[in-house]
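> Next input, structure requested:
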Amino acid sequence: MILIQSHKIVNETDNRNSLMRVTHILFRLGVLALLTVFSFYSLGEQDDLASSGDYQMILQEAMNKIREDYTDHLAFREEVTRKGNTVVGDYDPSREDGSWMLLSMDGTEPAEKEIEKYVKDKRKQAENVKKYPERSPLGVKTMVEPGSLELIDDQSERWLFAFTPTGEDQRMMRKMKGELSINKTGNYLEWMDVRSEKPFKANFVTKMKKFVMHYEFQSLDHGPVVPTSFEFRIHIAVGGIDVADEHLFANYSDYKFVN
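Numbering: from 1, shown residues only. Down below sits the predicted model:
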């Protein structure tokens, strides 16, 4: 009886020791697993931050290729369609009697009064651009809210990014959807698109029914980057009454260096 009891005590002791060893091993494995997971998480977090920083740098380099003074050195042709009317003009900064020249209106030769009005409007437009560069193609340089850039597609020839738009009315712009494309080979901005996804209230009485701002760019012989097209669409209602419904297309072509 005593031998049986002693044998049982020894067995119980061995079992407890075995259980403690197993528990200790499992504990060490658990700690190792947690450390491994934490290490992977930390490395992944660092990779995400590094990638985000890299993308921001890529964007900045692409934006730097859009020079503020490109209109000082390049001549080009502009074709604007608004409300069914198409106006074609020629810009040349080296022209002594004025940079802008009206070529045609809806395919016909313009009258003298139309030419004078066109030149006057272009001068006013140039003054506004100096005060508000964000209202020109140069506006894309400051339209991406810092830290908001997010890669949505890594294609063979380009990166596609989503971003939070910013601008004169930041509260309204943050309700828009922003996307842009950067060419990998030339590292330049191919296009930028800012638009409303659905109607929303800009303030207590104003409703933004539709907003689209789309720019496209090209690289000139792997040099300066210039706009090739622009679409602007805005539809606003105040107190339920439409007060603005504009749709404009502009194309820029025939670039050549003159200065």
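> Just the C-alphas of the longest strand seen in the chain, formatted as PDB.
Scanning the chain for the longest strand, with DSSP state E as the assignment, gives strand 241-257. Extracted in PDB, the C-alpha atoms of strand 241-257 (Å, rounded to 0.1, in the frame of the first residue of the first chain):
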ATOM      1  CA  ILE A 241     -32.400  78.200 -57.700                       C
ATOM      2  CA  ASP A 242     -29.600  77.500 -60.100                       C
ATOM      3  CA  VAL A 243     -27.200  80.500 -60.100                       C
ATOM      4  CA  ALA A 244     -24.200  79.000 -62.000                       C
ATOM      5  CA  ASP A 245     -24.000  76.200 -64.600                       C
ATOM      6  CA  GLU A 246     -20.800  76.400 -66.500                       C
ATOM      7  CA  HIS A 247     -18.900  73.800 -68.600                       C
ATOM      8  CA  LEU A 248     -15.600  74.700 -70.200                       C
ATOM      9  CA  PHE A 249     -13.000  72.800 -72.300                       C
ATOM     10  CA  ALA A 250      -9.600  74.200 -73.200                       C
ATOM     11  CA  ASN A 251      -6.900  72.600 -75.300                       C
ATOM     12  CA  TYR A 252      -3.300  73.800 -75.600                       C
ATOM     13  CA  SER A 253      -1.100  72.700 -78.500                       C
ATOM     14  CA  ASP A 254       1.700  73.700 -80.900                       C
ATOM     15  CA  TYR A 255       4.200  74.500 -78.200                       C
ATOM     16  CA  LYS A 256       7.500  76.000 -79.300                       C
ATOM     17  CA  PHE A 257      10.300  77.800 -77.600                       C
END
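> tell me which residues in that strand are buried?
For strand 241-257, a neighbour-count test (16 or more other Cβ atoms under 10 Å) marks Ala250, Asn251, Tyr252, Tyr255 as buried. The C-beta positions use only the backbone N, C-alpha and C, and glycine is treated the same way.
> Enumerate every residue touching Gly186.
The neighbourhood of Gly186, defined by Cβ atoms under 8 Å, 6 or more residues apart in numbering, consists of Ser219, His222.
> rerun at 6 Å
Ser219 (Cβ atoms under 6 Å, 6 or more residues apart in numbering).
> how much space between it and Met57?
Between Gly186 and Met57 the distance is 16 Å, computed by Cβ to Cβ, to the nearest Å.
> if I read this right, Phe232 contacts Ala250, doesn't it?
No. Checked against Cβ atoms under 6 Å, the pair Phe232 and Ala250 is beyond contact range at 8.1 Å.
> which residue packs closest to Gly167, ignoring adjacent ones?
Leaving aside its chain neighbours, Gly167 sits nearest to Met173 (4.5 Å; criterion: Cβ to Cβ, 6 or more residues apart in numbering).
> For the one you found, the count of nearby residues, please.
18 (other Cβ atoms under 10 Å).
> same check, this time on Leu59
Neighbour count for Leu59, taken as other Cβ under 10 Å: 20.
> do the one 3 residues further on as well
Residues near Ala62, counting by other Cβ under 10 Å, number 23.
> Wasn't it part of a helix?
Yes. The assignment for Ala62 by DSSP: H, G, I helix; E, B strand; the rest coil puts it in a helix.
> Contacts only, for it.
Ala62 makes contact with Ile182, Asn187, Tyr188, Leu189, according to Cβ under 6 Å, 6+ apart.
> Would you mind measuring from it to Asp254?
Separation of Ala62 from Asp254 (Cβ to Cβ): 24 Å.
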